[in-house]
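S.K.: Everything below, folded, please.
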Amino acid sequence: MTKEETNYLYLILLHVAIGIVIYLFPFASKLYGYTMFLLGGYYVIKTQNRNNEALMAGAYIAGSEVLLRMTGGNITYEFSKYGVLLFILIGMYFKGFSKGAIPYWIFLLLLVPSVIISSFVLNFDTNIRTTIAFNISGPVCLAVVSIYTYRRKVTLEQMNSLLLCVGLPILSCAVYLTLYTPNVRDVITGTQSNFETSGGFGPNQVATFLGLGMFIFFSRIVLESRSKFLLILNLIIALNISYRGMVTFSRGGMITGFLMIVLLLSFLYFKSNFRGRVKLNYILVIIVVAMVAIWTYTSFQTGGLINKRYANQDAQGREKVNQFTGREDIATTEINMFLDNPIFGVGVAKGAEVRELETGNFSASHDEITRMLAEHGLLGIIGLLILFFTPLVLYLENKFNMFLLCFVAFWFLTINHAAMRTALPAFVYSLSLLNVQLVAPSKKE
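M.R.: Next up, the predicted model:
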């Protein structure tokens, strides 16, 4: 076994152990959260962010968010967003930020009017400061990290390391879920999203993280498995994360992860020469067989209910009239708010209060797009257009970034079903702005 394989195996075993320890000793989750924050800060400051260590630390803390939330390891509920912001700001102190990131400065400015409006229109008994911070932290995190990553040069090896930093705590989460619900058959009785198989936490957020973890380790099968040992190890990890993601019965995150895999493989296939395509064909066969096998195993473990879930059927096989579990009603109210307040919107966090007044139900938005329309109005539309088209323009300049379309797809699809309640969609989006190169950037650059 080579040194590279040994080090990678140790990393994997360490994060398997982290998942086990947190399950056996719940207080360890707090220690884990504080430790990653302190060590991450020390790591960035000591290295003075010479090799984008701020991004590495931010990637790890973004990947750990759902594990910390489900096990009570957060210093605060929004710990990961603020942690990512802090690491990136430290990184900016040492290495500056991208001077050409004007679109994201504009995006930040577009958020301001709605924040000001909120300070006047939120209910009297609402904690204005914390409520606004909770709702605006996702977009602000995206903008700040994007200002740092915009056209910043990294190597393909560094990009794979960044993704691994995201994926390792997701592996710990999958291990924790395995111990939390060792026998899936006992807890799955219907086709609705399942909290028991999601560690007692929100299945939507858990599946989002596991779907990305599935993509990360499948990508390592293609790009980072230089030996049979690494290929088998990455395949085992990818299949286990895929299984734990599917049995949450939350579809959005897993469909997104699968689409990212398809986009990556399609990119590699069309960019490869004949020999590269022949090699890729073998890997494609392995991945397809593995996915069919894990789907078959999941179907067996769930008594065929997973098939009905993805076919939008209930446990009796009847097609569900409503496949969005009420989310389209929330989206409809937000569109109506936009039509009533088309310029500046109703104000940050005011959408939920208006919805409660009209329907009697206080419910947060699941869709960041309709939330931006309702709470930011026309300025929100302009902001969304900036976010959507800027990375696509960069793709025309740097078509080697094989991950760019995958990252934009993850961000766009995730904010459609899970808004920006976690730091992950914001952080992954910002990675699409990196200038990926085959060779290391020169020191002058």
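
S.K.: Residue 252 - nearest residue in space that isn't next to it in sequence?
M.R.: Among residues not flanking residue 252 along the chain, residue 417 sits closest, at 3.8 Å (Cβ to Cβ, 6 or more residues apart in numbering). No exception for glycine: its C-beta is placed from N, CA and C like everyone else's.

S.K.: Kindly confirm whether my reading is correct that the one you found touches residue 368.
M.R.: No - using Cβ atoms under 8 Å as the test, residue 417 is too far from residue 368 to be in contact (9.6 Å).

S.K.: more neighbours, those two?
M.R.: Taking neighbours as other Cβ atoms under 10 Å, residue 417 and residue 368 compare with residue 368 leading, 25 against 20.

S.K.: Let's see the pLDDT reported for the more buried one.
M.R.: pLDDT, residue 368: 90.

S.K.: Might you report the residue contacts of it?
M.R.: Contact partners of residue 368, counting by Cβ atoms under 8 Å, 6 or more residues apart in numbering, are 138, 415-416, 419-420.

S.K.: How many residues are close by residue 279?
M.R.: Other residues close to residue 279 by other Cβ under 10 Å number 12.

S.K.: what about it, which SS state?
M.R.: Under DSSP: H, G, I helix; E, B strand; the rest coil, residue 279 falls in the helix class.

S.K.: ok, it to residue 223 distance?
M.R.: Plainly put, residue 279 is 12 Å away from residue 223 if you go by Cβ to Cβ, to the nearest Å.

S.K.: cool, residue 132 as well?
M.R.: 41 Å.

S.K.: again, but for residue 159
M.R.: 9 Å.

S.K.: What is the neighbour count of residue 343?
M.R.: 10.

S.K.: show me what contacts residue 273?
M.R.: Residue 273 is in contact with no residue at all, counting by Cβ under 8 Å, 6+ apart.

S.K.: Same check on residue 383?
M.R.: Contacts here follow Cβ under 8 Å, 6+ apart; on that basis residue 383 touches 107, 110-111, 139, 372, 376.

S.K.: repeat that with 6 Å
M.R.: Contacts of residue 383 were listed using Cβ atoms under 6 Å, 6 or more residues apart in numbering, and they are 107, 110.

S.K.: do residue 143 as well
M.R.: Listed by Cβ under 6 Å, 6+ apart, the contact set of residue 143 reads 104, 107-108.

S.K.: how does it look with 8 Å?
M.R.: When contacts are counted by Cβ under 8 Å, 6+ apart, residue 143 touches 104-105, 107-108, 111.

S.K.: and what of residue 52?
M.R.: 91, 95, 152, 154, 158, 162.

S.K.: biggest separation within these, which pair?
M.R.: Distance extremes for the contacts of residue 52: the farthest pair is 95 and 162 at 15.4 Å, using Cβ to Cβ.

S.K.: Looking at these two, which one has more neighbours?
M.R.: Between residue 95 and residue 162, counted using other Cβ under 10 Å, the more crowded position is residue 162 (23 against 16).

S.K.: what's the burial count for the nearest residue to residue 64 once chain neighbours are set aside?
M.R.: In this structure, residue 64 finds its nearest non-sequential neighbour in residue 169, 3.7 Å apart by Cβ to Cβ, 6+ apart. Residue 169 has 26 neighbours, counted by other Cβ under 10 Å.

S.K.: so residue 169 makes contact with residue 14?
M.R.: No - counting by Cβ under 8 Å, residue 14 is not a contact partner of residue 169; they are 10.9 Å apart.

S.K.: quick one: residue 303 and residue 187 touch, right?
M.R.: No - the criterion here is Cβ under 8 Å, and residue 303 misses it with residue 187 at 12.0 Å.

S.K.: ok, now which ones touch residue 347?
M.R.: 114-115, 117-118, 120-122, 375.

S.K.: one step back: filter the contacts of residue 52 down to the ones in helices?
M.R.: 91, 95, 158, 162 (DSSP state H).

S.K.: Name the nearest of those relative to residue 349.
M.R.: Residue 349 lies nearest to residue 91 out of the ones in helices among the contacts of residue 52, by Cβ to Cβ, at 29.4 Å.

S.K.: Before I go, just wanted to say thanks for your time.
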